[in-house]
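A.B. asks: What follows is a protein structure lacking sequence information:
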């Protein structure tokens, strides 16, 4: 009888451990990381160094909600510069300034005009970056600016787990656009500083 009782206790303990493990696994949130562009060829610039700075100051109050996102637009913008821009003119006296002006996300409630339709949440992600190259010898400067944005709508009762997946996708789509447009702008407007690029942009 005692052996039977011990077996029952052991089985019950194992059952509790199994349930606990499954519950803990389900409760673990997905881990997200900022988009990287290390597989893209670096943009080599005939400059001495690159200064990466941010002038964006989050407010941590609504309608701004960038601090709630599982990935940071500001951090991702800094990583883009680290991955894609390369100073390859160490004998020159030119400096590139990569300045993040905006990396915000706002939230807005859109009221439904239909009785049986739920209200929606509208998110807008904004990214504004200036890349400026200054030549101290010639006292000249050239710059290009990229303003990129993405919008996302979802039902107002969307669970946080699903929100984070949608937010993450929005940030990745934002940087896909930013990556293409910034490279295009550098080759078009800062082409005289791009290594091995000897084409001259003509302005009307």
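C.D. replies: Received, thanks. Owing to the predicted nature of the structure, the values given are computational and were not obtained by experimental measurement.

A.B. asks: Contact partners for residue 151?
C.D. replies: 122, 123, 124, 125 (CB atoms under 8 Å, 6 or more residues apart in numbering). C-beta coordinates here come from the backbone N, C-alpha and C atoms, glycine included.

A.B. asks: who wins for most neighbours among these?
C.D. replies: When neighbours are taken as other CB atoms under 10 Å, the top entry among the contacts of residue 151 is residue 125 (24 neighbours).

A.B. asks: and that one, which of the three is it?
C.D. replies: strand (DSSP: H, G, I helix; E, B strand; the rest coil).

A.B. asks: any low-confidence regions in the chain?
C.D. replies: Where the chain drops to pLDDT under 70, the residues are 1-30, 198-204.

A.B. asks: Which parts of it are strands?
C.D. replies: 43-45, 49-54, 85-87, 94-102, 105-110, 120-135, 140-155 (DSSP state E).

A.B. asks: on contacts alone, who are the packing partners of the fifth one?
C.D. replies: Which is strand 105-110. strand 120-135 (3 or more CB pairs under 8 Å, 6 or more residues apart in numbering; DSSP states H and E).

A.B. asks: Any buried residues in the strand it packs on, and which?
C.D. replies: Neighbour-count burial for strand 120-135, counted by 16 or more other CB atoms under 10 Å, picks out 120-121, 123, 125-129, 131-135.

A.B. asks: Can you name every helix or strand that it contacts?
C.D. replies: Packed next to strand 120-135, using 3+ CB pairs under 8 Å, 6+ apart, are helix 73-84, strand 94-102, strand 105-110, strand 140-155, helix 160-189.

A.B. asks: What residues are bridge-paired with the closest residue to residue 141 other than its chain neighbours?
C.D. replies: The shortest distance from residue 141 to any non-neighbouring residue, by CB to CB, 6 or more residues apart in numbering, is to residue 134 (4.5 Å). Under DSSP bridges, the beta-bridge partners of residue 134 are residue 95, residue 141.

A.B. asks: Residue 110 now?
C.D. replies: With DSSP bridges as the rule, residue 110 is bridged to residue 120.

A.B. asks: Now do the same contact list for it.
C.D. replies: Applying CB under 8 Å, 6+ apart, the residues near residue 110 are 119, 120, 121, 122, 153.

A.B. asks: I'd like the helices and strands packed on strand 120-135 laid out as TSV, including distance to residue 33.
C.D. replies: Compiled in TSV, the helices and strands packed on strand 120-135 are given as follows (distance: least, CB to CB, whole Å):
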stretch	distance to residue 33
helix 73-84	9
strand 94-102	19
strand 105-110	17
strand 140-155	18
helix 160-189	9
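
A.B. asks: so which of the ones you listed comes closest to residue 55?
C.D. replies: For residue 55, the closest of the helices and strands packed on strand 120-135 is strand 94-102, at 5.7 Å, according to CB to CB.
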